[in-house]
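1. Structure, please.
(one chain, ligands or ions: 1)
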Amino acid sequence: VTSETYWCEYAWCGLFGDAVEPGVLLEVEGGLITSASSRTDGSPPGATVLRGVTIPGMANSHSHSFHRALRGRTEGRGDSPTTFWDWRDQMYDLAAKIQPEWFMRLARATFAEMALAGITVVGEFHYLRNDPDGNRYSDPNVMAKALIAAAGDAGIRLTLLDTCYLHGGIGSDGYAAASPPQRRFVDPDAESWAARASNIAGNATTLIGAAVHSVRAVDPVSIALVSQWASDSRSPLHAHVSEQVVENEACESLHTMSPTCVFAEAGAIDERFTAVHGTHLSEQDMRQLGGGRSTVCLCPTTERDLADGVGQAAAVAAAGCELAVGSDSQSVIDLLEEARAIELDQRLTTQRRGHHSPAALLRAATSSGYRSLGWSNGGTLQAGALADFTTLRKDSPRLAGQRISNLLAGIVFSATAADVTNVVVNGKTIVSDGQHLSVEVGLELREALS
Ligand SMILES: [Zn+2]
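-> Below is the predicted model of the structure:
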């Protein structure tokens, strides 16, 4: 077992309050932090010096890596307003073309871009699994395995949320069959989803979790089965919930209840459950999710991109939910931007400031995200925590001159992914001096996107 000592010039340990401390010594062994202590008289001999501010590694709780290929390609010219559903057709066109080998290269480059942005764990909401004709590949988990290999190459931790997807949509007369583009996503039924998902093996930095695509794609009986599988395997369960008003209306028309209520009735809502988006939740929905100590994962850069609306983050947190964030459609990969948007979007809709503290916003991008992805000992710098941490320079144009007493607010409200210099995952340095140590990120993105 290798051990390593890191001396952080400054650190925010992710525990209580906004305090950034000078001189924090982290001892790491076997992928865990074994001690975190104050050391203000400089770096001891043999320690790796981390200049700038070290924070817990950031958790990207909701990602579809292949959407990276849509960045900048779905914006139109501003003269023809379109809807979420038009964007979805463009996403389906892309999905139809992707083969396992391209899928792997695109995921590897995208996960490496995440590493450069200080992301140390990603929750990949994975449903692109069948061949272009909708048939299972000879290895039905070939695409899932590509994601696991890609995250391994990029050096980041992965929770593979294998997603149950059965139907093409929901209406007042029931569930529609999958359309041709959706045939790449579907399993025949929830039992065969469970049998297939049970065959995916995790490893030291990969956890297998479950997801329900949405109430549009999975019926209540099947949701209950997926929920039971997650419960039996003690793994996280994620679902897209109330991203669009149309989804709520269609769900009401068939089930006479909201999507959140459908999940609650299926026994899915507890502390392992994460509702992704939760943009259009009712007060009752929030009480239900909060009562279960569930997480709501906001993806503000995607929600603004897709014209979803603004979720009620402050009310959701007040109801007892944990908040997490995700880069989702990858139009931007910068969790600091997602975290500050939680607060800033509330300011726009309420015309008031100060809904969330900087520390609460950064916890959404760190410890709460780790919890939602099933790594309950991640996202803090303390003894016993996963040795995952990210260092940002404090001499960049964004942060230069910032007082230490305001540094956390400066990071949350002004820093960007470009300020990340060093990233450690599972006790191993994967980014140093702002460069990925095993992936040439720009080149691989260019090749994967050409
Ligand atoms: Zn999504």
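
2. Hmm, Thr279 and Asp308 touching each other?
-> Yes. Assessed by Cβ atoms under 8 Å, Asp308 is found in contact with Thr279 at 4.9 Å. Yep, even glycine has a C-beta here, placed from its N, CA and C like the rest.

3. okay, and the common contacts of these two?
-> Taking Cβ atoms under 8 Å, 6 or more residues apart in numbering as the contact rule, Asp308 and Thr279 both touch 243-244.

4. Which one's more surrounded, those two?
-> Legend: neighbour count by other Cβ atoms under 10 Å for Asp308 and Thr279, higher for Thr279 (23 against 19).

5. The more buried one in helix, strand or coil?
-> With DSSP: H, G, I helix; E, B strand; the rest coil as the basis, Thr279 sits in coil.

6. Any figure for the gap between it and Asp345?
-> 10 Å (Cβ to Cβ, to the nearest Å).

7. any common contacting residues for these two?
-> 310-311.

8. what about the lowest-mean-pLDDT helix or strand in the chain, distance to the chain center?
-> Scoring the helices and strands of the chain by mean pLDDT, DSSP states H and E places helix 84-97 at the bottom, with a mean of 88. From the chain centre to the centre of helix 84-97 is a distance of 21 Å (Cα atoms, centre = their mean, to the nearest Å).

9. Excluding its own residues, what touches that helix? List them.
-> 66-67, 69-70, 73-74, 128, 132, 181-182, 184-185, 243-244, 246, 306-308.

10. Next, the angle helix 84-97 makes with the next helix-or-strand element following it.
-> Next helix or strand after helix 84-97 toward the C-terminus (DSSP states H and E): helix 100-116. Going by axes from the mean of the first three to the mean of the last three Cα atoms, to 10 degrees, helix 100-116 is angled at 120 degrees with respect to helix 84-97.

11. What helices and strands are in contact with helix 100-116?
-> Applying 3 or more Cβ pairs under 8 Å, 6 or more residues apart in numbering; DSSP states H and E, we find helix 100-116 packed against strand 58-63, strand 119-126, helix 142-154, strand 420-425, strand 428-432, strand 435-436, helix 441-449.

12. so for the shortest one, what's the average pLDDT?
-> With pLDDT averaged residue by residue, strand 435-436 scores 98.

13. and it, what does it pack onto?
-> Using 3+ Cβ pairs under 8 Å, 6+ apart, the elements in contact with strand 435-436 are helix 100-116.

14. where in this protein is pLDDT low?
-> 1, 79 (pLDDT under 70).

15. Now do the contacts for the residue positioned nearest the centre of it.
-> The chain has Ser61 as the residue nearest its centroid, 1.9 Å off, counting by Cα atoms, centre = their mean. Going by Cβ under 8 Å, 6+ apart, Ser61 touches 123, 238, 274, 276, 295, 297, 324-326, 369, 372-373.

16. any chance of these in JSON lines, plus secondary structure?
-> Listed next are the contacts of Ser61 as JSON lines, based on three-state DSSP:
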{"residue": "Gly123", "secondary structure": "strand"}
{"residue": "His238", "secondary structure": "strand"}
{"residue": "Thr274", "secondary structure": "strand"}
{"residue": "Val276", "secondary structure": "strand"}
{"residue": "Thr295", "secondary structure": "strand"}
{"residue": "Cys297", "secondary structure": "strand"}
{"residue": "Ala324", "secondary structure": "strand"}
{"residue": "Val325", "secondary structure": "strand"}
{"residue": "Gly326", "secondary structure": "coil"}
{"residue": "Gly369", "secondary structure": "helix"}
{"residue": "Ser372", "secondary structure": "helix"}
{"residue": "Leu373", "secondary structure": "coil"}
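
17. closest to Leu381 among the residues you listed?
-> Among the contacts of Ser61, Gly369 lies closest to Leu381 (Cβ to Cβ), at 15.1 Å.

18. hey, what's the nearest residue to the closest one once chain neighbours are set aside bridged with?
-> Spatial nearest neighbour of Gly369, excluding adjacent residues (Cβ to Cβ, 6 or more residues apart in numbering): Ala59 at 2.6 Å. Going by DSSP bridges, Ala59 is paired in beta bridges with Val121.

19. how many neighbours does Ala59 have?
-> 32.

20. Quick check: it vs Asn199, distance?
-> Taking Cβ to Cβ, one finds Ala59 at 26 Å from Asn199.

21. ditto for Leu443
-> Taken as Cβ to Cβ, the span from Leu443 to Asn199 is 34 Å.

22. Who has more neighbours out of those two?
-> Of the pair Leu443 and Asn199, Asn199 is the one with more neighbours under other Cβ under 10 Å, namely 13 against 10.

23. The more buried one is in contact with Asn141, isn't it?
-> Yes. Using Cβ under 8 Å, Asn199 makes contact with Asn141 at a distance of 6.2 Å.

24. Thr429 pairs with what?
-> Residues in beta-bridge contact with Thr429 (DSSP bridges): Val424.

25. Okay, buried residues for stretch 248-256 please.
-> 248, 250-251, 254-255 (16 or more other Cβ atoms under 10 Å).

26. Which residues belonging to stretch 102-116 are considered buried?
-> For stretch 102-116, by 16+ other Cβ under 10 Å, it's 103-116.

27. repeat for stretch 259-270
-> 259-264, 266, 268-269.

28. Roughly how far does Ser108 sit from Gly384?
-> Not quite, residue 108 is Arg, not Ser. Arg108 is 31 Å from Gly384, by Cβ to Cβ.
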